[in-house]
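Asks: A predicted structure for the sequence below; I have some questions about it.
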Amino acid sequence: MKVVHITTVHNPFDTRIFEKMCKSAVEAGWDVTLVAGHDRNEIVDGVKVISFPRQPNRLRRLLLSIPRAIRLASKVRADIYHIHDPELLVAFRFLPRSGIAIYDMHENMAASIRHKPWIPSWLRSPAARLWNCIESMLLRSVPVIFAEYSYQRDYPWVKCSEVVLNMPKSEQLVALKVEGRVEGKLVYVGTVSAGRGSLVTLRALEILQRRRTEVQFLCIGPSAPQHRAELDAFVSQKELRNVQFIGRMRSIDAWKLAAQCHIGLATVLPLPNYVESYPTKLFEYMAIGVPVIASNFELYKNVVETVGCGICVDPEDPEQIAGAIETILDNPQMASEMSKRGQNAALVRFRWDVEADKLKTFYSRLLPVHSVRKP
């Protein structure tokens, strides 16, 4: 089987696209190509990366990257064309009919548009409705991969679909060698934004500092320059100690650092795309054996409280977050048991290879149908 993954938005070595989907297909013996914005053509871990220049803004990406990506992908005669970005929905009409094109819905865009900070507030609702109409026209006959079960509810008209959750490669994370776990060290891994709880976390740290509870905070992940300046200003104004911001890192390097920490934070705010979507970091914290403090959404509680691997809190209440941190710090035996239960659950239930099998089965299910239609 020959598979081409196409993205104009994501980093070429994006965890879901490259580390999980592309590499799993290579391990299955398939021929895998990734068309993405990059500085060179190369073969990485068996994946052929075909590059085009990354553009600095959305407009240039729409005008230049999309036609370039479609043209490059079309040169590869593939069985499957796997598209990862909403802006590439137009590609379905231009890719070779010799292969099946599928769409990987990483997020519920209509729900997300209602909270995009770069869209004026008065325009968000009509923009979300317009996007719904566009999707219904462009995706009605297209196979779709949903990254979350909750997305299926909003797309009842999609005729052919599969849910492939963004679970971690748990066995790799469990196998990380941890030289020493630092007591009282908190960690967050992922995109850093207000919606993902960055400012509320800093307010919780301020509360802990006033109470003379000694903690360290390691924040790993990219942030918009304006938001990073906002965080730095808060840290300076409140004279917070032991707060370290690290930008984007290779995934495995980030988790090596995180594995040395004591508590993992997954306190995203109650925005539509978060309330009904699993945060992958939750399962990654579990896999590295770190007790979790997570938002008290039903979806999250069904994991954290059922497994017994952490504490769920109101993500908008810094007092609750600070209290949960103190509870874990003050009860080392409880923390140790949370760690073991989380790691065991990650190895048994919450792992990427289960999702990879679903993806490969979905591909294979499409091809016999397609072979009948092939001219």
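Replies: Nice, thanks for sending it over.

Asks: all contacts plus neighbour counts: C-alpha atoms, from now on.
Replies: Fine.

Asks: And for the nearest residue to residue 65 once chain neighbours are set aside, the neighbour number?
Replies: Among residues not flanking residue 65 along the chain, residue 8 sits closest, at 6.2 Å (C-alpha to C-alpha, 6 or more residues apart in numbering). Using other C-alpha atoms under 10 Å, residue 8 has 28 other residues around it.

Asks: cool, and residue 299?
Replies: Neighbour count of residue 299, defined by other C-alpha under 10 Å: 14.

Asks: switch to numbering from 51
Replies: Fine by me, first position is 51 from now on; the one you just mentioned is residue 349.

Asks: one step back: any idea how far the residue nearest to residue 115 lies from residue 400?
Replies: 29 Å (C-alpha to C-alpha, to the nearest Å).

Asks: returning to what we had before: so the residue nearest to residue 115 versus residue 174, what's the distance?
Replies: 23 Å.

Asks: Same check on residue 366?
Replies: Applying C-alpha to C-alpha, the value for residue 366 to residue 174 is 23 Å.

Asks: Which one's more surrounded, those two?
Replies: residue 174 (20 against 17).

Asks: buried ones in the particular helix or strand that has the more buried one in it?
Replies: Per DSSP states H and E, residue 174 falls inside helix 171-188. Of all the residues in helix 171-188, those buried under the rule 16 or more other C-alpha atoms under 10 Å are 174-175, 177-178, 181-182.

Asks: Do me a favour and average the pLDDT over stretch 348-368.
Replies: Average pLDDT, stretch 348-368: 97.

Asks: Same question for stretch 292-312.
Replies: Average pLDDT, stretch 292-312: 92.

Asks: what's the span of it from first residue to last?
Replies: End-to-end distance for stretch 292-312: 14 Å, by C-alpha to C-alpha.

Asks: Stretch 265-285 too?
Replies: 14 Å.

Asks: same thing with stretch 197-215?
Replies: 5 Å.

Asks: pLDDT of it, averaged?
Replies: What stretch 197-215 shows for mean pLDDT is 92.

Asks: Flag the shaky bits of the chain, pLDDT-wise.
Replies: 418-425 (pLDDT under 70).

Asks: Pull up the gap between the residue most central in space within it and residue 218, please.
Replies: For the chain, residue 330 is the residue whose C-alpha lies nearest the centre (C-alpha atoms, centre = their mean; 5.9 Å). Relative to residue 218, residue 330 is positioned 7 Å away (C-alpha to C-alpha).

Asks: How about residue 199?
Replies: 17 Å.

Asks: Can you pick out the residue with more neighbours from these two?
Replies: Under the neighbour definition other C-alpha under 10 Å, residue 199 and residue 218 were set side by side, and residue 218 has more, 27 against 14.

Asks: A helix includes that one, no?
Replies: No. In this structure, residue 218 is coil, not part of a helix, as judged by DSSP: H, G, I helix; E, B strand; the rest coil.

Asks: how far away is it from residue 321?
Replies: As for residue 218, its distance to residue 321 is 23 Å (criterion: C-alpha to C-alpha).
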